[in-house]
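Chemist: Sequence first, predicted model second:
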Amino acid sequence: MTLAVCPGSFDPVTNGHLDIFRRASALFDELVVATGTNVSKSRLFSPDERLEMLEEACAGHPNIKVMGFTGLIVDFCREIGAQAIVKGLRGGNDYEYELPMAQMNAHLTGVETVFVPTTASLGYVSSSLVKEVASLGGDVSGLVPEAVLARLEERLGRSGGTHGA
């Protein structure tokens, strides 16, 4: 059985992430979507909230499992017996950032990284951009799952506030 891990902060999970999850889950027998906990980084949503949103968003995919982890992703991969790490790439900058990490991960444990390019229509979507646009009252309804949109609006102190420009 092939097992891969798709790690990230997913703060919040976006439709771009879901596209990568769906496509990666077709390549492996099982895909673990793993959200990291780094106490030194400030996040909009807590680790538990991010896990809940991921579980809701991935519920329709029987071979996708959601888990949290701390520490190095390669240690987590070793613990669960994963053969690969899946990373979504929006463009060249993502590749330049991810390639050295992929090489280090392979050096440390032999776990390979598989790069999956985003679908062109979602290539501009990132959690950071979604949070920024939503915080300024912009419409992010087509960029995140409905359940995430509701939590985002609640967290930003608005009811339906992200639907107008």
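Modeler: Nice, thanks for sending it over. Residues are numbered from 1 along each chain as shown.
Chemist: Run through the chain and note the low-pLDDT ranges.
Modeler: 39-40, 158-165 (pLDDT under 70).
Chemist: for it, what spans make up the strands?
Modeler: In order along the chain, the chain carries the following strands (DSSP state E): 3-8, 30-36, 64-69, 84-89, 112-117.
Chemist: Dump those to TSV, plus mean neighbour count and distance to residue 141.
Modeler: To be clear about C-beta, it is placed using only N, CA and C from the backbone, and glycine gets the same treatment. Formatted as TSV, the entries for these read as follows, by neighbours: other Cβ atoms under 10 Å; distance: least, Cβ to Cβ, whole Å:
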stretch	mean neighbour count	distance to residue 141
strand 3-8	21	22
strand 30-36	23	22
strand 64-69	18	23
strand 84-89	22	21
strand 112-117	15	25
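Chemist: quick one: which of the ones you listed is nearest residue 136?
Modeler: Distances from residue 136 to each of these were compared using Cβ to Cβ; the minimum, 23.6 Å, belongs to strand 3-8.
Chemist: Describe which strands the closest one pairs with in its sheet and in which direction.
Modeler: Strand 3-8 has the following strand partners under DSSP bridges: strand 30-36 (parallel), strand 84-89 (parallel).
Chemist: and the last one with strand 112-117, angle?
Modeler: Think strand 84-89. Between the axes of strand 84-89 and strand 112-117, defined by axes from the mean of the first three to the mean of the last three Cα atoms, to 10 degrees, the angle is 30 degrees.
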